[in-house]
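> generate coordinates for the sequence data below:
(one chain, ligands or ions: 1)
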Amino acid sequence: MFEPTTETRGLAATFKLLLIGDSNVGKSNILLRFTDDTFLPPEEASATIGVDFKVKLVDIDDERYKLTIWDTAGQERFRTLTSSYYRGAQGIILVYDVSRRETFEHLDRWLNELNTYCSAQDVVKIIIGNKVDKESERAVSVQEGAEYARKVQSLFIECSAKTSVGVHEAMDELVREIVNTPSLWQKQNTRPAAGNVRIQNSEGESWLSGCGC
Ligand SMILES: Nc1nc2c(ncn2[C@@H]2O[C@H](COP(=O)(O)OP(=O)(O)OP(=O)(O)O)[C@@H](O)[C@H]2O)c(=O)[nH]1
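The predicted structure follows:
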């Protein structure tokens, strides 16, 4: 598990992570749970328009890493500039809802998009089955999820952004795998690429959309 980040320490690297998956599977809430330990109930949640991101520092094995985590819109009509979101990403988080089978069946489409736009060949993927708190409505078994992930060479975990079970473990697994794949980030390209767009997030911070730094 990540250690708390209190004192100032040099950064070992910055990683760009991207959340993708159907609308309403809980991408924004997974991010909110991970960065702010909060959850937005249905009456307060709203669809992501375009893209948002959050920045978080984490410590792993005495090294500090900065994560920029990009939350993309699941709704097709908001998915403009898609290719620039993928550029420079070291980790991709594919989310489905364990209580809505079609969101699991659509993972093939999301993987196709990822393979089309991702610049890094060895990008680390994690498939997350969210909303395990809705056990009585489960429509995808944990074995099916794990089997699919194995087939597409992805990490796998189930979680609930609502109860927080599995969320930190998922991010921990993903970041550790990136740390263990130095070829992905040690030749980090910080040169802004064509098509980059400066994005401002909901908290007023700004970042280049295609920068893996
Ligand atoms: N029961 C339950 N509900 C959840 C969970 N995570 C998210 N939700 C609810 O699911 C709905 C969609 O959550 P979002 O986080 O906005 O989903 P999203 O994938 O970001 O959706 P888009 O922005 O449209 O792509 C909201 O009503 C959330 O309150 C969870 O773990 N359990």
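
> how near is I199 to the ligand?
Shown here: I199 relative to the ligand, a distance of 15 Å by CB to the nearest ligand atom, to the nearest Å. (Each C-beta comes from the backbone N, C-alpha and C, glycine too.)

> next: L114.
16 Å.

> surely that residue and I127 touch.
No - the pair L114 and I127 fails to qualify as a contact (CB atoms under 8 Å) at a distance of 11.2 Å.

> more neighbours: these two, which one.
The neighbour comparison of L114 against I127 (other CB atoms under 10 Å) goes to I127, with 26 against 19.

> ok, back up a step: now the common contact residues for L114 and I127.
Taking CB atoms under 8 Å, 6 or more residues apart in numbering as the criterion, L114 and I127 both touch L94.

> need the residues of this protein near the ligand, please.
Along the chain, the residues adjacent to the ligand under the rule CB under 6 Å from any ligand atom are 23-29, 40-42, 45, 47-48, 73-75, 130-131, 133-134, 160-162.

> name the element the residue lying closest to G21 once chain neighbours are set aside belongs to?
Leaving aside its chain neighbours, G21 sits nearest to V95 (3.7 Å; criterion: CB to CB, 6 or more residues apart in numbering). Using DSSP states H and E, V95 falls within strand 91-97.

> and the strands in this structure?
For the chain, the strands defined by DSSP state E cover 11-20, 51-60, 63-72, 91-97, 124-130, 155-158, 198-200, 206-208.

> same list (those strands) but as TSV, adding distance to T82 and mean pLDDT.
Converted to TSV, the strands of the chain look like this (distance: least, CB to CB, whole Å; pLDDT from 0 to 100):
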stretch	distance to T82	mean pLDDT
strand 11-20	9	94
strand 51-60	9	91
strand 63-72	8	94
strand 91-97	13	98
strand 124-130	17	98
strand 155-158	23	98
strand 198-200	13	71
strand 206-208	16	72
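
> would you reformat these as TSV and include distance to A170?
Listed next are the strands of the chain as TSV, based on distance: least, CB to CB, whole Å:
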stretch	distance to A170
strand 11-20	11
strand 51-60	13
strand 63-72	12
strand 91-97	7
strand 124-130	5
strand 155-158	5
strand 198-200	24
strand 206-208	22
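
> which residues does the residue nearest to I93 when sequence neighbours are not counted contact?
Setting aside the residues directly before and after it, I93 is nearest to L19 in space (CB to CB, 6+ apart), at 4.8 Å. Under the criterion of CB under 8 Å, 6+ apart, the contact partners of L19 comprise K27, I30, L31, I69, W70, D71, T72, I93, V95.
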